[in-house]
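Trainee: A structural model of the following input is requested.
(one chain, ligands or ions: 1)
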Amino acid sequence: MGRKPKAKKKPATKKKIIQKPAKGWSASGRKKTVQKKKTIRKPKAAKQEVKEEPKIKIRTPKLLRGFKDILPKEQKYWYYIINKAEALAWGYGFGRIDTPILESTDLFIRTIGKQTDIVEKEMFSFEDQGGDNVTLRPEGTASIARAYIEHGMLNLPQPVRLFYYGPMFRYERPQAGRYREHHQIGFEILGDASAVIDSQLIILAYNFCKELGLDINIQINSIGCLECRSEYKTELINYLRSKRNSLCENCKKRLNKNPLRVLDCKEESCIKVIEDAPQTVDWLCDDCKNHFVKVLEYLDEVEVPYMLNPRLVRGLDYYNRTVFEIWSNEGDNTARQSAFGGGGRYDMLISSLGGRETPSCGFSLGVERLILKLKEKEIEIEDPTKPQIFLAQLGEAAKRKALVLFEELRRNNIRVAESFAKDSLRQQLEFANKLGVKVTLILGQKEVMDGTILVRDMEGGIQEVVDFNKILEEIKKRLEL
Ligand code: HAM
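Mentor: Okay, the predicted model is just below:
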């Protein structure tokens with residue numbers, strides 16, 4: 001087989017090769033003197049690329065809107081409120097319960113109600129990896145009812161008193177006192193229909209807020225039972241229909257399905273209509289009326305003040321009979337976000353979830369709103385994490401002895417601050433000053449040799465030499481422990 005001639009095989013390639021001048025030479029055959037410039041430019045281009053690298057912006061993740069971090073300096077408010085709530089809970093015979101933050105979506109729809117703001121537009125709901133519809137709890141009572149049934153609490157001595165604390169999630173428009181994650185402290189009494197239970201819970205709520213140092217009032221109403229409420233609803237629907245044109249679009253829709261929600265509407269036009277609406281208390285059956293009168297009488301007995309509020313219906317569907325809210329006496333009470341808490345009776349909730357009929361009542365308080373008011377009022381709150389003394393050291397031997405002393409003080413429940421990583425005494429004393437401790441202990445080389453320690457009063461600046469073996473006694477005396 002003869003070979004094909006090269007020229008015929010790749011004519012185009014050959015042409016190119018012929019036309020390309022050799023490196024450093026022009027096409028006309030002259031040596032290029034400008035060639036050097038090209039070689040200078042290349043590194044320049046490379047340099048520019050290196051410079052651009054740091055410009056890549058790393059996006060730092062941010063908090064979600066309506067969510068908050070609770071920093072160490074804020075914690076004293078949380079300790080203060082939760083410790084008080086717990087002490088009251090034990091005092092009134094409540095047992096603590098913790099339920100999961102995530103529950104089946106169905107639980108909240110069936111309890112809070114389909115036509116409520118919470119279920120209609122505020123729930124953080126999603127489908128999990130297994131295809132189940134789940135929701136970050138928007139409130140605690142539904143979970144308590146589920147847990148009561150699930151753990152057969154009806155077999156315990158009734159009523160069952162449960163106390164809880166934890167985060168709740170509602171996709172609301174964030175503003176002062178309204179967040180997408182907030183925390184509630186809740187008290188529920190399950191398994192008793194007596195009016196005294198409602199009163200006891202209101203007394204508890206009142207005492208709790210008073211003990212926190214807040215000036216509050218109790219707003220109270222009765223929305224009756226299923227029977228008397230159905231008569232009231234007919235009356236209310238007739239009235240609202242006559243004012244239909246003044247209602248917001250949402251309330252026009254709610255009018256027939258859930259007219260009580262109209263009473264809870266915050267639209268200006270609806271508020272005007274609501275002012276003249278028929279009142280639930282005028283439609284109570286005898287049993288509901290007697291129940292309500294008794295609740296008020298018990299409150300009078302212990303001199304807990306309250307205000308009758310005929311327009312109070314609460315924003316959740318599970319209530320019957322007594323409903324109440326805890327409002328601040330300071331500031332604007334017309335705004336809903338000034339309510340520190342709310343609650344009421346929910347006699348049908350557990351049976352609606354398939355449990356035995358279990359009349360119940362409860363309330364919860366919003367921790368963020370309580371804290372806002374404590375800060376606004378500049379109420380002095382002791383920080384239980386604040387160190388009581390400072391332990392300074394100078395020199396390696398002193399550092400070692402100080403480490404041992406620190407452990408002993410801590411075991412004796414004395415909150416000690418230190419700066420073992422710093423060697424300068426001046427820096428350590430400056431830090432002690434910033435912490436605002438009463439007393440600083442100073443261990444130096446000399447003290448280690450003598451078996452002593454210096455006790456410095458931070459206010460007066462007076463220093464005393466104390467026998468090292470007697471330091472624990474001395475500190476306890478100074479701190480009045
Ligand atoms: P609630 O009125 O919806 O009732 O909420 C109770 C309290 O939680 C409110 O009074 C308020 O202080 C606080 N709160 C509610 N939403 C927010 C928010 N977005 N931001 C800040 N704070 C908020 C209930 O949740 C019922 N489970 C109460 C109850 C217990 N009823 C019977 N037992």
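
Trainee: For residue 206, list the residues it contacts.
Mentor: By C-beta atoms under 8 Å, 6 or more residues apart in numbering, the contact set of residue 206 is 216, 218, 304, 326. Where C-beta positions appear, they are placed from N, C-alpha and C, glycine not excepted.

Trainee: Sort out which residues of whichever strand or helix holds it are buried, please.
Mentor: Here residue 206, judged by DSSP states H and E, is contained in helix 195-212. Residues of helix 195-212 classed as buried by neighbour count (16 or more other C-beta atoms under 10 Å): 195, 197-209, 212.

Trainee: any chance of the contacts of residue 206 in CSV, with secondary structure, distance to the ligand and neighbour count too?
Mentor: CSV is the format used below for the contacts of residue 206 (DSSP: H, G, I helix; E, B strand; the rest coil; distance: C-beta to the nearest ligand atom, whole Å; neighbours: other C-beta atoms under 10 Å):
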residue, secondary structure, distance to the ligand, neighbour count
216, strand, 12, 23
218, strand, 13, 19
304, coil, 18, 19
326, strand, 7, 26
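
Trainee: contacting residues around whichever residue of the chain sits closest to the ligand?
Mentor: For the chain, the residue closest to the ligand is residue 366, as judged by C-beta to the nearest ligand atom, at 2.4 Å. By C-beta under 8 Å, 6+ apart, the contact list for residue 366 reads 177, 182-184, 339-341.

Trainee: neighbours around residue 376, how many?
Mentor: Residue crowding around residue 376 was assessed by other C-beta atoms under 10 Å; the count is 11.

Trainee: got it, and residue 148?
Mentor: Considering only other C-beta under 10 Å, residue 148 is surrounded by 25 other residues.

Trainee: correct me, but it touches residue 159?
Mentor: No: taking contacts as C-beta atoms under 8 Å, residue 148 lies outside contact range of residue 159: 10.6 Å.

Trainee: what do those two both touch?
Mentor: Counting by C-beta under 8 Å, 6+ apart, the residues touching both residue 148 and residue 159 are residue 190.

Trainee: on that earlier part again, looking at the buried residues of helix 195-212, which two lie furthest apart in space?
Mentor: Farthest-apart pair in the buried residues of helix 195-212 is 195 and 212; separation 26.5 Å (C-beta to C-beta).

Trainee: Could you list the low-pLDDT ranges of the protein?
Mentor: 1-54, 332-337 (pLDDT under 70).

Trainee: Could you show which parts of it are in contact with the ligand?
Mentor: 139-141, 170, 172, 177-179, 182, 184, 186, 188, 315, 339-344, 362-364, 366, 368-369 (C-beta under 6 Å from any ligand atom).

Trainee: Just the ones of these in helices?
Mentor: 141, 368-369 (DSSP state H).

Trainee: Neighbour-wise, which one of those residues leads?
Mentor: Counting by other C-beta under 10 Å, top hit in those: residue 141 with 26 neighbours.

Trainee: Can you tell me the closest non-neighbouring residue to that residue?
Mentor: Distance criterion C-beta to C-beta, 6 or more residues apart in numbering; nearest residue to residue 141, sequence neighbours excluded, is residue 362 at 6.0 Å.

Trainee: can you pull the contacts of the one you found?
Mentor: 141, 144, 186-190, 201, 343-344, 346.

Trainee: List the beta-bridge partners for it.
Mentor: Assessed by DSSP bridges, residue 362 has beta-bridge partners residue 188, residue 344.

Trainee: Can you pull the domain assignment for the chain?
Mentor: 72-225+285-376, 389-478 (automatic domain parsing).

Trainee: Now do residue 446: how many residues are near it, please.
Mentor: Residue 446: 13 neighbours (other C-beta under 10 Å).

Trainee: Surely residue 168 is in a strand?
Mentor: Yes: with DSSP: H, G, I helix; E, B strand; the rest coil as the criterion, residue 168 is assigned to a strand.

Trainee: looking at it, it is touching residue 180, isn't it?
Mentor: No: assessed by C-beta under 8 Å, residue 168 is found out of contact with residue 180, at 9.7 Å.

Trainee: residues of stretch 219-238 that come out buried?
Mentor: Buried residues in stretch 219-238 (16+ other C-beta under 10 Å): 219-225, 228-229, 232-233, 235-236.

Trainee: Keep only those of those residues that are in strands.
Mentor: 219-222 (DSSP state E).

Trainee: ranges for the strands of the stretch 301-450 of the chain?
Mentor: Using DSSP state E, counting those that start in this stretch, the strands assigned to the stretch 301-450 of the chain run over residues 306-308, 320-328, 339-345, 360-366, 389-393, 416-418, 439-443.
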